[in-house]
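Participant: Just need the structure, nothing else, for what follows:
(one chain, ligands or ions: 2)
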Amino acid sequence: MEPLRGHTVVVKYGGHAMTDDTLRRAFAQDVLTLYGAGVRPVVVHGGGPQIAAHLDRLGLKSDFLDGLRVTTPETMEVVRMVLSGKVQKDLVGLLNEHGPHAVGLSGEDGHTLTAVKRYAQVGGESVDIGLVGDVARVNTTVVRLLLDGGHIPVVSSVGRGEDGQVYNVNADTAAGALAAALGTRVFVVLTDVPGLYADWPRSDRVVDRIGAGELERVLPGLNGGMGPKMEACLRAVRGGVGVARVLDGRAPHALLDGLVGGVGVGVGTSVLPDGGCRGV
Ligand SMILES: Nc1ncnc2c1ncn2[C@@H]1O[C@H](COP(=O)(O)OP(=O)(O)O)[C@@H](O)[C@H]1O
Ligand SMILES: CC(=O)N[C@@H](CCC(=O)OP(=O)(O)O)C(=O)O
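Facilitator: Ligands and ions are numbered 1, 2, ... in the order given. Sure thing, here's the model as predicted:
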């Protein structure tokens, strides 16, 4: 952990690690261990399954295109409520069981994430998927204020457009953009697979490490949730992040084990910047 002392680490928290109670607690412990060791964690959380469950309860259907949820104004209300009002608050509560460490904010707050409408790319065509946003700009003022005040920022991936509209931003995208804006040494993405499969679905061999140039070449061929995830990693390392690590959040303490183990020890997939690894 020593190489990370005093450094900011952005962690995208999602997948199974978020729905299983034992894994949730292990994740919170890991974040607090990092914090206790002088690392400055920032958590950006997902919540796709929780949004789906709530939409279902309300009898609203939702589809995904290009790994992104088609978001009507009605869906957007649910996304905002579930992410900022439920998932974020539950996580902050868990992190604050032993002290007033974590503070929740949405990308809307303090113009942290300025969003711009994003279209899905399907078969070479741009398709309108409603109120889905990409991150056009990040304002790190509030996140830095919280970090400098000794807090753990917990950020929901909802953005505000310059048109005043609220946008649903994929959480991987939001996390990668925030990591790049903060210029962190490491960006960690917890997910439900061991890493990037080299030849999915034909094989489940995991890519140990991949350079930004190579990732850029394979990115258009990635589908499902892996597209936005790897795009976020690419954006992070191209934006100055030292290394992006995709780790299997189904393993308890994946975050701490991954960071302590370091790059290239067969844990998950590491995305390296063009000039080589500058992180752990
Ligand atoms: N090349 C690939 N490598 C790994 N997973 C892939 C790949 N292509 C598609 N996938 C799918 O992407 C999923 C991960 O994305 P997603 O479900 O959005 O994760 P999360 O919930 O962690 O954000 C995997 O469970 C897998 O089914
Ligand atoms: C545009 C878009 O797809 N937004 C996502 C936001 C939440 C998210 O990304 O959650 P996970 O990380 O758990 O998938 C959604 O509506 O599901």
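
Participant: Need phi/psi at the closest residue to ligand 2 within the stretch 151-280 of the chain.
Facilitator: In the stretch 151-280 of the chain, the residue that lies nearest ligand 2 is residue 171 (3.4 Å; C-beta to the nearest ligand atom). Where you see a C-beta, it was placed from the backbone N, CA and C, and this is true even at glycine. Residue 171 has phi and psi values of phi -70, psi -30 when expressed as degrees, to the nearest 10.

Participant: Distance check, it against residue 8.
Facilitator: Distance, residue 171 to residue 8, by C-beta to C-beta, to the nearest Å: 18 Å.

Participant: Mind checking which of the two has more residues around it?
Facilitator: A count of neighbours by other C-beta atoms under 10 Å puts residue 171 above the other of residue 171 and residue 8, at 27 against 22.

Participant: My read is that that one contacts residue 45, right?
Facilitator: Yes: here residue 171 reaches residue 45: they are 6.4 Å apart, a contact under C-beta atoms under 8 Å.

Participant: Find residues that contact each of those two.
Facilitator: Contact criterion C-beta atoms under 8 Å, 6 or more residues apart in numbering; residues shared by residue 171 and residue 45: 12, 14, 157.

Participant: residues near residue 61, how many?
Facilitator: Residue 61 sits with 9 neighbouring residues when counted by other C-beta under 10 Å.

Participant: next one: the one 4 residues further on
Facilitator: Using other C-beta under 10 Å, the number of residues around residue 65 comes to 15.

Participant: Look up the closest residue to it, ignoring the ones flanking it.
Facilitator: residue 120 (4.0 Å; C-beta to C-beta, 6 or more residues apart in numbering).

Participant: Among the shared contacts of residue 171 and residue 45, which one lies nearest to ligand 1?
Facilitator: Using C-beta to the nearest ligand atom, residue 14 comes nearest to ligand 1 of these, at 4.2 Å.

Participant: what's the pLDDT at the closest one?
Facilitator: The pLDDT attached to residue 14 in the predicted structure is 89.

Participant: Could I get the contacting residues of it?
Facilitator: With contacts taken as C-beta under 8 Å, 6+ apart, residue 14 has the following neighbours: 45-48, 171-172, 189-191, 249.

Participant: cool, residue 105 as well?
Facilitator: Neighbour list for residue 105: 112, 142-143, 146, 153-156 [criterion: C-beta under 8 Å, 6+ apart].

Participant: I'd assumed it was in a strand, is it?
Facilitator: Yes: secondary structure of residue 105 (DSSP: H, G, I helix; E, B strand; the rest coil): part of a strand.

Participant: can you give me the helices for the stretch 151-280 of the chain?
Facilitator: All helices of the stretch 151-280 of the chain, identified by DSSP state H, counting those that start in this stretch, fall at 171-182, 212-218, 226-238, 254-261.

Participant: so the first one versus helix 226-238, what angle?
Facilitator: Per axes from the mean of the first three to the mean of the last three C-alpha atoms, to 10 degrees, the angle that helix 171-182 makes with helix 226-238 is 0 degrees.

Participant: List the contacts of helix 171-182.
Facilitator: Contact partners of helix 171-182, identified using C-beta under 8 Å, 6+ apart, comprise 8, 10-12, 14, 42, 44-48, 107, 112-113, 134-135, 138, 140, 143-144, 155, 157, 159, 187, 189, 225, 228-229, 231-236, 238-241, 244.

Participant: Kindly format the C-alpha coordinates of that helix as CSV.
Facilitator: This file holds the C-alpha atoms of helix 171-182, laid out as CSV (Å, rounded to 0.1, in the frame of the first residue of the first chain):
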residue,chain,number,x,y,z
ALA,A,171,-21.1,4.4,-14.2
ASP,A,172,-17.9,3.1,-15.8
THR,A,173,-17.9,6.1,-18.1
ALA,A,174,-18.4,8.5,-15.1
ALA,A,175,-15.6,6.8,-13.1
GLY,A,176,-13.1,6.8,-15.9
ALA,A,177,-13.7,10.5,-16.7
LEU,A,178,-13.4,11.4,-13.0
ALA,A,179,-10.1,9.4,-12.7
ALA,A,180,-8.7,11.2,-15.7
ALA,A,181,-9.7,14.6,-14.4
LEU,A,182,-8.1,13.9,-11.1
